[in-house]
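Novice: I'll drop the sequence and a predicted model, then ask my questions.
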Amino acid sequence: DAGVIQSPRHEVTEMGQEVTLRCKPISGHDYLFWYRQTMMRGLELLIYFNNNVPIDDSGMPEDRFSAKMPNASFSTLKIQPSEPRDSAVYFCASRGQGREQYFGPGTRLTVT
Amino acid sequence: AQSVTQPDIHITVSEGASLELRCNYSYGATPYLFWYVQSPGQGLQLLLKYFSGDTLVQGIKGFEAEFKRSQSSFNLRKPSVHWSDAAEYFCAVGPRGGADGLTFGKGTHLIIQP
């Protein structure tokens, strides 16, 4: 199995631009999670899906953030408009019948 | 609210020496417990997990962890570290009911001295 796939691995954008991060979960996993990692706040859960349905988005920091999961093999996290304080590493993770989550390599976002 | 405390931000250990990384949690009930490792520029890799049963769990790369309910702790250990163990280590908890995301500690940065 290829594991969780995220793209792009690195993204540099200017403030005000739209940013879209992509995730492909492990095949057969029915839970998908988006996390953000910063030096100040560590790893924080943003949102998670079960069977493509958003279950809890209470961690999404602002309305500028949105996430979708149109099918079982693809999810996006969008930031519009982006701001410098959004600079972070964004991780996607998926989970199957077990309780452990498997993480992708992350997308390092830099907003200038 | 649940929380995870990793009291050591940095730990330096000589290669070949033993290692213990501390983790304490605050939770309404005994959660599921995990240790993950993150190498620079990489994602998080699961080292081991505790769900129930034997409180001493074995993981990959020679790591083990012991769950102590009375101390709300889940410390990670390794008898002899290798230079390749240098990384960031995260303790995490998850609820037994539902499917909420994991709550992570702030991490412990492990430095290996030659």
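Specialist: Perfect, thanks for sending it.
Novice: Show me which residues of chain B are close to chain A?
Specialist: Contact residues, chain B versus chain A (C-beta under 8 Å from any C-beta of the partner chain): B:32, B:34, B:36, B:42-46, B:49, B:51, B:90, B:94, B:99-107. Yep, even glycine has a C-beta here, placed from its N, CA and C like the rest.
Novice: For PyMOL, write the selection for the buried entries among these.
Specialist: For the buried members of the residues of chain B next to chain A, the matching PyMOL selection, counting by 16 or more other C-beta atoms under 10 Å in any protein chain shown, is:
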select buried, chain B and resi 32+34+36+43+44+46+49+51+90+94+99+101+102+103+104+105+106+107
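Novice: Okay, and which of the residues of chain B next to chain A map to strands?
Specialist: Secondary-structure check on the residues of chain B next to chain A using DSSP state E: residues within strands are B:32, B:34, B:36, B:44-46, B:49, B:90, B:94, B:103-104.
Novice: farthest pair in those?
Specialist: The largest separation in these, counting by C-beta to C-beta, is between B:Q45 and B:T103 at 18.3 Å.
Novice: What distance do you get for the residue most central in space within chain A to A:D86?
Specialist: Centroid-nearest residue in chain A, with C-alpha atoms, centre = their mean: A:W34, separated by 3.6 Å. Using C-beta to C-beta, to the nearest Å, A:W34 is found at 13 Å from A:D86.
Novice: repeat for A:T13
Specialist: From A:T13 to A:D86 the distance is 9 Å (C-beta to C-beta).
Novice: where does the chain dip in pLDDT?
Specialist: Unless you meant another one, I'm taking chain A. Under the criterion pLDDT under 70, the flagged ranges of chain A are A:1.
Novice: That was the other one, I meant chain B.
Specialist: For chain B, applying pLDDT under 70 flags the ranges B:98-99.
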